[in-house]
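J.: return a 3D structure for these sequence lines:
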Amino acid sequence: MNDPKHRRFALDTAARCRHLTRLIALAVLGLSHAPIAFGSPPPPKVTLGAGVLEGTYFGSESQVAFLGVPYSAPPIGELRWKPPQPVNRWTGIRNATQFGAVCPQLPATQWLPYISGNEDCLYLNIWTTQFHADAHLPVIVFFHGGGNVAGYSQMKPLGPALSPLGVLVVTANYRLGPFGFFAHPALTAESEHGSSGNYGLLDQLQALKWVQENISSFGGDPTRVTVMGQSAGAVDIGLLMASPLAKGLFHRAILESGDCQSTLNKEIRSPLPYNFISGTGESDGERLAKDLGIADGPDALRELRSVSTEKILDAWSKDGELRFEAIVDGWVVPQQPAKIFAEGKQVNVPVLIGSNADEATVFGSSQVQTVDQFREYLRQDTGKFADQEFHAYPATTDSEVRTRYLEYQSDLFAYGARSMARAMTHLDQKAYLYYFTYAETGKRADLGAYHGEELKFLSESFPDDWQHNPEDKKLGGAVRTYWTQFAKTSDPNTQGLPDWPVYDPHSDQCFELGRRIGVRPVTPRLHVLEKIMKQVLTETAN
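T.: Okay, here's the model as predicted:
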């Protein structure tokens, strides 16, 4: 089913100026860079196979960060639209005290400050408070959100907030938009796997391989890696769980407001009549090539790889129907992920997964304002099953449409999380299902528990105008403890916090995280969405 996390963010060129001050603050958040007193220890260093890195401190001398660490060769020139390659060796000591370049992207929205990108962007960051090789800390590898078209690894930096709780935190950039998810017949023909289009997912796999090979040098335990993502980052984790290439690269998964079971993915060559899917992965690539003035022929790839970053971004910005996202390519993603999970063929690891009560309020509803528009929207989403959706989210007057539409969109997140939890229990695996309900009391109170709000609690990074109170302090401490305890033991429970039971499909309950913390039933409407998705999967299989 359609999901706003897949929808391309609206362009907002004014965001460059409006958020410049916030951008600067975000880029350095978590790195105090206070003057080092006389007699302080020298900068931390680590020797890897590729060379020596020199890091920095982010608070006390026990809090160590290595920033802008390359995990792949730069994907530029002939390496554009190819799987990531091993890191290039360097000589001397490489400075790792600043974030690496952001991957190229268009200005997104007021919720995401814009940073100009560079295709040489495959860098990761490491935070730890126990920097010694025998620490054997559990590792959290976080992939940011942004619809796979925007975002960067320093968004809501989790390292400074979570690493003091006994985990090592890694965040990573990955290729986005037409640089990360561009499929084309010529690229498919060039590939030994007969595949193209999922370079952003391959980057994430490469980052996880790098962690397996190197993280013990920083005090991390490569046998206890939790992969974690929010929004598109969570969607991607679901896709990695559906990929045979991810086997053995991680041992637990945390998915926040993103899944791969509430929607279908575009296919590399076969069009689908659901989820607002038009065309195929390759046809989108051919369309961008045409927008760039590049015709099919023996020189098409050479010309495509010689086009400037700016020209690609400009062509993309002018073609509003082009969507670049993960596709079913037969290699990285061998089949529809929802089908893989339904058949129990996914990576079998414990999961902590959930959604927020009011996910869709930050996406708005301007495109759907009347009953007729709502019905047409549902028809484009689920075709002949749309009447079943409308019956679950009825709107008899235009004034009711916005409420029903937002309920529907938010429920899609909840349905996807519940569906993945159920799929894992079918493998006799532990799943912990949450429902985040905290609504702030300030000027954003009418948004409820909106998409991404939980990251503020996990990172202890709040807007300047946030109205703090004892409740949010209590909730922040709880979610950080639950998350890090899960990374340590595959179980979020610990002494002093309410018990979070393993998801049981028979009782069908979730765990509320808000002003109230405890068990609650799931929304009954999710059963309707589950029934519809099963019908859609059967229809597409036939």
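J.: and I277, how far is that from A478?
T.: 39 Å (CB to CB, to the nearest Å). Bear in mind the C-beta positions are built from the backbone N, C-alpha and C, glycine included.
J.: swap that for P44, please
T.: The value you get for P44 to A478, if CB to CB is used, is 31 Å.
J.: repeat for P160
T.: Distance from P160 to A478, by CB to CB: 19 Å.
J.: more neighbours, those two?
T.: Per other CB atoms under 10 Å, whichever of P160 and A478 has more neighbours is P160, with 21 against 18.
J.: okay, the strand or helix carrying the more buried one in PDB with CA atoms only?
T.: Assessed by DSSP states H and E, P160 sits inside helix 159-162. Extracted in PDB, the C-alpha atoms of helix 159-162 (Å, rounded to 0.1, in the frame of the first residue of the first chain):
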ATOM      1  CA  GLY A 159      26.100   8.500  19.100                       C
ATOM      2  CA  PRO A 160      26.500  11.100  21.900                       C
ATOM      3  CA  ALA A 161      23.200  10.200  23.500                       C
ATOM      4  CA  LEU A 162      23.400   6.300  23.200                       C
END
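J.: I'd like to know how far the most centrally placed residue in the chain sits from P185.
T.: In the chain, the centroid-proximal residue (CA atoms, centre = their mean) is G233; its distance is 0.8 Å. According to CB to CB, G233 and P185 sit 29 Å apart.
J.: burial count for E359?
T.: 28.
J.: how about the strands in the chain?
T.: Secondary structure of the chain, counting by DSSP state E: strands at 45-48, 51-54, 56-57, 64-70, 93-95, 123-128, 137-143, 168-172, 220-230, 252-256, 351-356, 431-436, 509-513, 517-521.
J.: circling back to that earlier point, wait, the residue nearest to the centre of the chain touches A150, no?
T.: No. Using CB atoms under 8 Å as the test, G233 is too far from A150 to be in contact (11.7 Å).
J.: which stretches of this structure have low pLDDT?
T.: Within the chain, the stretches with pLDDT under 70 are 1-39, 109-111, 541-542.
J.: next one: the longest helix along it to chain centre, how far?
T.: What stands out as the longest helix in the chain, according to DSSP state H, is helix 398-425. A distance of 18 Å separates the centroid of the chain from that of helix 398-425, by CA atoms, centre = their mean, to the nearest Å.
J.: who's in contact with the residue nearest to the centre of the chain?
T.: 142-145, 151, 258 (CB atoms under 8 Å, 6 or more residues apart in numbering).
J.: by neighbour count, which of the residues you listed wins?
T.: F143 leads these on contacts (other CB under 10 Å) with 32 neighbours.
J.: from L158, how far off is it?
T.: 11 Å.
J.: grab the nearest non-local neighbour of Q204.
T.: Y174 (5.3 Å; CB to CB, 6 or more residues apart in numbering).
J.: the one you found against G200, yeah?
T.: Yes. Applying CB under 8 Å as the test, Y174 and G200 come out as touching, 4.7 Å apart.
J.: hang on, the earlier thing: shared neighbours of F143 and L158, anything?
T.: T171.
J.: in the stretch 201-350 of the chain, which spans are helices?
T.: In the stretch 201-350 of the chain, the helices defined using DSSP state H, counting those that start in this stretch lie at 232-241, 281-291, 300-306, 309-318, 337-342.
J.: show me what counts as buried in the fourth one.
T.: Across helix 309-318, burial judged by 16 or more other CB atoms under 10 Å covers 309, 312-313, 315-316.
J.: same deal with the third one?
T.: For helix 300-306, burial by neighbour count (16+ other CB under 10 Å) applies to 300-301, 304.
J.: quickly list the domain ranges of the protein.
T.: 1-349, 356-542 (automatic domain parsing).
J.: how far out from the middle of the chain is the longest one?
T.: Here domain 1-349 shows a centroid-to-chain-centroid distance of 9 Å under the convention CA atoms, centre = their mean.
J.: OK, contacts around the closest residue to W90 other than its chain neighbours?
T.: Nearest residue to W90 in three dimensions, chain neighbours excluded: G51, at 4.2 Å (CB to CB, 6+ apart). Neighbouring residues of G51 by CB under 8 Å, 6+ apart: 89-94.
J.: any of those buried? List them.
T.: For these, buried by 16+ other CB under 10 Å: R94.
J.: which of the contacts of G51 sits closest to R402?
T.: R94 (52.1 Å; CB to CB).
J.: who's in contact with the closest one?
T.: 51-54.
J.: let's see that with 10 Å instead.
T.: 48, 50-54, 66, 68-70 (CB atoms under 10 Å, 6 or more residues apart in numbering).
J.: so it versus N173, what's the distance?
T.: Relative to N173, and taking CB to CB, R94 is found at 17 Å.
J.: apart from its chain neighbours, what residue comes closest to S153?
T.: In space, S153 is closest to T171, 4.1 Å off (CB to CB, 6+ apart).
J.: list the residues that contact the one you found.
T.: 67, 99, 123-127, 140-144, 152-159, 207, 228, 233.
J.: switch the cut-off to 7 Å
T.: 124-125, 142, 153, 158-159 (CB atoms under 7 Å, 6 or more residues apart in numbering).
J.: check R269 too.
T.: 280, 282.
J.: can you check T481 too?
T.: T481 touches 165, 494, 497, counting by CB under 7 Å, 6+ apart.
J.: I'd guessed the first one sits against W483; true?
T.: No. At 8.6 Å, L165 does not count as touching W483 under the criterion of CB atoms under 7 Å.
J.: can you count the residues close to L122?
T.: Neighbours of L122 (other CB under 10 Å): 26.
J.: now it. Nearest residue, chain neighbours left out?
T.: Looking at L122 with CB to CB, 6+ apart, the closest residue is S72, at 4.1 Å.
J.: list the contacts of that neighbour.
T.: 84-85, 87, 122, 203, 206.
J.: ok, of those residues, which one's closest to I517?
T.: Nearest to I517 among the contacts of S72, counting by CB to CB, is D203 at 36.0 Å.
J.: ok, the closest residue to the closest one other than its chain neighbours - contacts?
T.: Spatial nearest neighbour of D203, excluding adjacent residues (CB to CB, 6+ apart): Y174 at 3.9 Å. Y174 makes contacts with 103, 143, 180, 200, 203-204, as judged by CB under 7 Å, 6+ apart.
J.: got a winner among these for most neighbours?
T.: When neighbours are taken as other CB under 10 Å, the top entry among the contacts of Y174 is F143 (32 neighbours).
J.: so how far is V227 from that one?
T.: Distance from F143 to V227, by CB to CB: 7 Å.
J.: now swap in E303 and tell me
T.: 36 Å.
J.: do the same with S196
T.: 24 Å.
J.: when those two are compared, which one has more neighbours?
T.: V227 (30 against 27).
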